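Peer 1: what's the 3D shape of this:
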Amino acid sequence: MTTTTRLAEAVEDALHAPSVHNSQPWRWRIGSDEVHLHADPQRHLAATDPDRRDLVLSCGAALHHLRVALAARGLSADVRRIPDPEDTTHLATVAVWPGGEPADAALFPATARRRTDRRRMSRRAVPAEHLRTLVELAARNGATLVPVTRPATRQRLLAAIVAAEHLQREETGYAAELRMWTNRLPGGRDGVPAANVAAPPIDTLDPSPLRRFGRAELAQAAQAPGHGRGDDAAELLVVTTGADEILDRLRAGEATSAVLLAATRIGLATTPLSQALEIDSSRLRVQRDVLGVPEHPQLVIRVGWPASGAPTLPATPRRELRSVLLP
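Peer 2: Numbers count the residues shown, from 1 in each chain. Presented below is the predicted three-dimensional model:
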């Protein structure tokens, strides 16, 4: 098997990466011994993501997925991020040679199993050692992961997420954009299908941090009998970076991918939450009033055990490799 063939297979595996509204905003060029990752401006969600933060984060997640897929094939990756300052859509050039990072390769089986779970999660607490593992992985991939575990701080974060969604719904074009990406044509290979969206639970004590997508055909997991009202034990983790340039957002996407894959490997369910970081005022609120740190928040990740008896989620659609390749 030629190196080019292995690179093409690795890129195809990288297409499993999560992206905002499953928009898959990336393009790839495959050479004889390197891969180029480009952002796809045609898939920018202008109303949802006015400063292209989500777009670059999504591409960063795909870049990490590529690194994992290469490692699983015994290939080491030499990544040059933002290789051409004159072309900010060219996000990375990945040169390969024999080798492969075992820690990355160990995450590979999770690339096909990871799902964005928008359902109620279990009341079983996430052990502190699992959170420490995720924090370490994020740091290894160029970002800081901040678990928001104190009840008062968590309440402030939840309030910021909910307020941000209310603000977004007043933005011109947001509702139309949301409908467009949740009502794709039959047989479409992108967007968020109704089968992957659950209506937020109504019997909770806390406001739901989940984005309202409209059509929701996924059933919520049933509450265990005798427990009454209450919330799940999912944790909220915030991905932050020291600065807020394109490179920082790319690294935040890579760290997000590492956290999601490691959590999946452990058996945890995950939900990326971007609403509170898509609006300037809300992002500043999270930075100053919630976290109280100088670092820049890039994404919130919800992590918890799947609810007992919750069925396996269907995979969301992905575009074919030929559709994302540049000549």
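Peer 1: quick one, strands of the stretch 1-150 of the chain?
Peer 2: Ranges of strands in the stretch 1-150 of the chain, per DSSP state E, counting those that start in this stretch, are 26-30, 34-39, 75-81, 90-98, 144-148.
Peer 1: Can you list the strands that the longest one pairs with?
Peer 2: If I follow you right, that is strand 90-98. The pairing partners recorded for strand 90-98 under DSSP bridges are strand 34-39 (antiparallel), strand 75-81 (antiparallel).
Peer 1: Of all those strands, which one is nearest Leu284?
Peer 2: strand 34-39 (24.8 Å; Cβ to Cβ). Using the backbone N, CA and C atoms, a C-beta is placed for each residue, glycine as well.
Peer 1: Let's test this: mean pLDDT of that closest one, rounded?
Peer 2: For strand 34-39, mean pLDDT is 98.
Peer 1: Ok, stretch 171-181 next?
Peer 2: Mean predicted lDDT for stretch 171-181 stands at 95.
Peer 1: Please put the alpha-carbon coordinates of that stretch into CSV.
Peer 2: What follows is stretch 171-181, C-alpha atoms only, in CSV (Å, rounded to 0.1, in the frame of the first residue of the first chain):
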residue,chain,number,x,y,z
GLU,A,171,-29.9,37.8,15.5
THR,A,172,-30.9,38.3,11.9
GLY,A,173,-30.5,35.1,9.9
TYR,A,174,-29.8,32.8,12.9
ALA,A,175,-33.2,31.0,12.8
ALA,A,176,-33.0,30.5,9.1
GLU,A,177,-29.5,29.2,9.3
LEU,A,178,-30.5,26.8,12.1
ARG,A,179,-33.4,25.5,10.0
MET,A,180,-31.1,25.1,7.0
TRP,A,181,-28.7,22.8,8.9
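Peer 1: list the buried ones in it?
Peer 2: For stretch 171-181, the neighbour count (16 or more other Cβ atoms under 10 Å) marks 174, 177-178, 181 as buried.
Peer 1: and if you look at stretch 29-46?
Peer 2: 30, 34-40, 43-45.
Peer 1: do stretch 198-211 as well
Peer 2: Buried residues in stretch 198-211, counted by 16+ other Cβ under 10 Å: 198-201, 208-211.
Peer 1: okay if I get these as CSV plus pLDDT and secondary structure?
Peer 2: What follows is the buried residues of stretch 198-211, written out as CSV (pLDDT from 0 to 100; DSSP: H, G, I helix; E, B strand; the rest coil):
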residue, pLDDT, secondary structure
Ala198, 90, strand
Ala199, 83, coil
Pro200, 76, coil
Pro201, 73, coil
Ser208, 86, coil
Pro209, 90, coil
Leu210, 88, coil
Arg211, 91, coil
